[in-house]
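Asker: generate coordinates for the sequence data below:
(one chain, ligands or ions: 1)
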Amino acid sequence: MRSFSRRQVLRTSAVGAAGAAAGGAAGVVGGRVLAQRRSPTDRVAPRPVAPGYLGARTVFQASPGSGAVALTFDDGPGEFTPLVLDLLGEAGIPATFFLLGTSASAHPDLVAREAGAGHEVAVHGWDHQDVYSKEYDQLGDEIDRTMSAITSAGAPAPRLWRPPYGRVDAPALMVAASRGLDVVLWGHHTPDVATAQGLVGSVGAGGIILSHDARSQPTEALVRAVVAAAAAVKDQGLALATVSELLRLDAAASS
Ligand SMILES: [Zn+2]
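Answerer: As a prediction, this is how the structure comes out:
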C-alpha cells in the first residue's frame, strides 16, 4: 500500500471532497486522520433529476420459489480466476463475477474468458475503497470507467453492482439507479474451507453465495472447496444460476 507522510495525510484529509479518495487511503494510517474525516451521515444523494431515480433494487437473496442458487466471486480478475474458471467449467456451474475496474483493465483476457464461458460479469468498484470515501460524481465516474473496462474486454454491459464490503448509502444508490444497476449483496459467505464445506446443507433455494477469486482471501484450497460445495448443492437438486438469472427465476415464480 502506498504510504503517506504525516504532512501528506493532514493535507489530503483537509481538502474535503477533492481529497476524499486520498483521505480514504490515509484513513488506515491512524485515528487522528479518521477523526478529521466527514461523518458518513453527512452524505446525501443529489436532488432527484427524474422519476425513478429515488432508489435502486437491492437484494441479498431471492425467494425459495426461484429454485436456484447463485455463486458469486468478488475482487477479480486476478490470481485465482483461471483456476476458478477451470473448476466451474468442469462442474458445469455458471457464476457471477463482480470485478474491480483496475483489474479488469489489466486483465481483459480474463474478463473475456468469464463472459465467453457464460458467466455474468458485473461491477464491484474501480478500486476497493468503500463508497463513503468517494463523492457522488467521483463514484459515478469510477462505476462508468469500470463498466467501460468490462465492455471493452468484450463482455455485455453489466446490470449488477456489489459495492466493496457491501456498504451502500444514498449517493451510492443514486449512482446505481441512474445507471440501471441492481445492487447485489449476499446471504452466505465463504471465508474459509470449513465454512465453504458447510454450504452443503445450509444454502437453500434463493441463496446468494459470496466468494473471492483475487486479493487477500482466496487460496487454492478455498476456491476448490467453494466450487466443490456448489457442485454438491447442484447434485442435491438445486439449479446454479447467475444472479440475473436467479432474479429472473424469482420474478417468474412470483408472477
Ligand atoms: Zn471485495
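Asker: and the closest residue to the ion within the stretch 101-250 of the chain, what pLDDT?
Answerer: Residue of the stretch 101-250 of the chain nearest the ion, by Cβ to the ion: Pro164 (4.7 Å). Quick note: C-beta positions are derived from backbone N, CA and C, even for glycine. For Pro164, the pLDDT comes out at 97.
Asker: now it: how far from Ala251?
Answerer: 27 Å (Cβ to Cβ, to the nearest Å).
Asker: so between those two, which is more surrounded?
Answerer: Neighbour count, other Cβ atoms under 10 Å: between Pro164 and Ala251, Pro164 has more, with 18 against 13.
Asker: wait, doesn't the more buried one sit right on Trp126?
Answerer: No. Between Pro164 and Trp126 there is no contact under Cβ atoms under 8 Å: 10.0 Å.
Asker: show me where this structure has its helices.
Answerer: All helices of the chain, identified by DSSP state H, fall at 6-14, 20-26, 31-36, 81-91, 101-106, 108-116, 136-152, 170-178, 193-197, 220-235, 243-254.
Asker: quick one: strands adjacent to the longest strand along the chain?
Answerer: In the chain, assigned by DSSP state E, the strand with the most residues is strand 68-76. Each strand paired with strand 68-76, and its direction, by DSSP bridges: strand 96-100 (parallel), strand 208-212 (parallel), strand 239-240 (parallel).
Asker: angle of that strand against helix 243-254?
Answerer: With axes from the mean of the first three to the mean of the last three Cα atoms, to 10 degrees applied, the angle from strand 68-76 to helix 243-254 works out at 160 degrees.
Asker: for the closest residue to Asp130 other than its chain neighbours, phi and psi?
Answerer: Nearest residue to Asp130, sequence neighbours excluded (Cβ to Cβ, 6 or more residues apart in numbering): Arg167, at 4.6 Å. Here is the backbone geometry of Arg167 (degrees, to the nearest 10): phi -90, psi 130.
Asker: quick one: stretch 84-99 near the ion?
Answerer: No. Stretch 84-99 lies apart from the ion when judged by Cβ under 5 Å from the ion; the minimum separation is 7.3 Å.
Asker: what residues sit buried inside that stretch?
Answerer: The neighbour-count check on stretch 84-99 (16 or more other Cβ atoms under 10 Å) flags 84-85, 87-88, 91, 93-99 as buried.
Asker: could you dump those residues to JSON lines with pLDDT?
Answerer: JSON lines is the format used below for the buried residues of stretch 84-99 (pLDDT from 0 to 100):
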{"residue": "Val84", "pLDDT": "98"}
{"residue": "Leu85", "pLDDT": "98"}
{"residue": "Leu87", "pLDDT": "98"}
{"residue": "Leu88", "pLDDT": "98"}
{"residue": "Ala91", "pLDDT": "97"}
{"residue": "Ile93", "pLDDT": "98"}
{"residue": "Pro94", "pLDDT": "98"}
{"residue": "Ala95", "pLDDT": "98"}
{"residue": "Thr96", "pLDDT": "98"}
{"residue": "Phe97", "pLDDT": "98"}
{"residue": "Phe98", "pLDDT": "98"}
{"residue": "Leu99", "pLDDT": "98"}
